[in-house]
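Peer 1: Okay, predicted coordinates and the sequence, questions at the end:
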Amino acid sequence: MAEREFSEESARIIDEEVRRIVDEAYKDSERLLTENWSKVEAVAEALLRYETLTDSDVDTLMSGGVLDKPTVSDLLADAAKKNPPPTPEPDSGEEPELPPGAMPSPA
């Protein structure tokens, strides 16, 4: 271990100052979260609903606004309406005929 270039007293003072700074930052963080909890919840709910948010979406939520945009499921439902999946052909019960050379050849 490297030798310190300061005394035990200096180390104690440094430790106390670091502890004071960390405690103060923790209290500030806790206060900010408490004061803005409704905004934290609004962002969390929007993320659950929309999955992604733009910076302007976050700005809207932070200023107390409401997002008015389609959800991912809304977009998927609209796309499915515009392009419905093809209807499968009814099964005739016959095996389809394979074109020549479609069978695997032995190794």
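Peer 2: Cool, the structure landed. Residues are numbered from 1 along each chain as shown.
Peer 1: so where does residue 100 fall, helix or strand?
Peer 2: Assigned by DSSP states H and E, residue 100 belongs to no helix or strand.
Peer 1: quick one, phi/psi of it?
Peer 2: phi -60, psi 140 (degrees, to the nearest 10).
Peer 1: in the chain, which ranges drop under the pLDDT threshold?
Peer 2: Residues of the chain meeting the criterion pLDDT under 70: 1-2, 107.
Peer 1: any idea which helix or strand comes after the longest helix along the chain?
Peer 2: Criterion DSSP state H: the longest helix present in the chain is helix 8-35. Sequence order places helix 37-50 as the next helix or strand after helix 8-35, per DSSP H and E.
Peer 1: And for that next one, what's in contact with it?
Peer 2: Here helix 37-50 makes contact (CB atoms under 8 Å, 6 or more residues apart in numbering) with 33, 53, 57, 58, 61, 62, 67, 69, 71, 72. Every C-beta, even on glycine, is put in place using the N, C-alpha and C of the backbone.
Peer 1: Might you specify the subset of the residues you listed located within strands?
Peer 2: Within the contacts of helix 37-50, no residue falls in strands by DSSP state E.
Peer 1: Now the buried members of those.
Peer 2: Buried by 16 or more other CB atoms under 10 Å: 53, 57, 58, 61, 67, out of the contacts of helix 37-50.
Peer 1: For the second one, which non-adjacent residue is closest in space?
Peer 2: The shortest distance from residue 57 to any residue other than its chain neighbours is 5.8 Å, reached at residue 67 (CB to CB, 6 or more residues apart in numbering).
Peer 1: ditto for the fourth one
Peer 2: Using CB to CB, 6+ apart and skipping residues adjacent in sequence, the residue nearest residue 61 is residue 42, 4.7 Å away.
Peer 1: give the contact list for the residue nearest to residue 57.
Peer 2: Taking CB under 8 Å, 6+ apart, we find residue 67 in contact with 46, 50, 57, 60, 61.
Peer 1: nearest to residue 79, of these?
Peer 2: residue 50 (16.5 Å; CB to CB).
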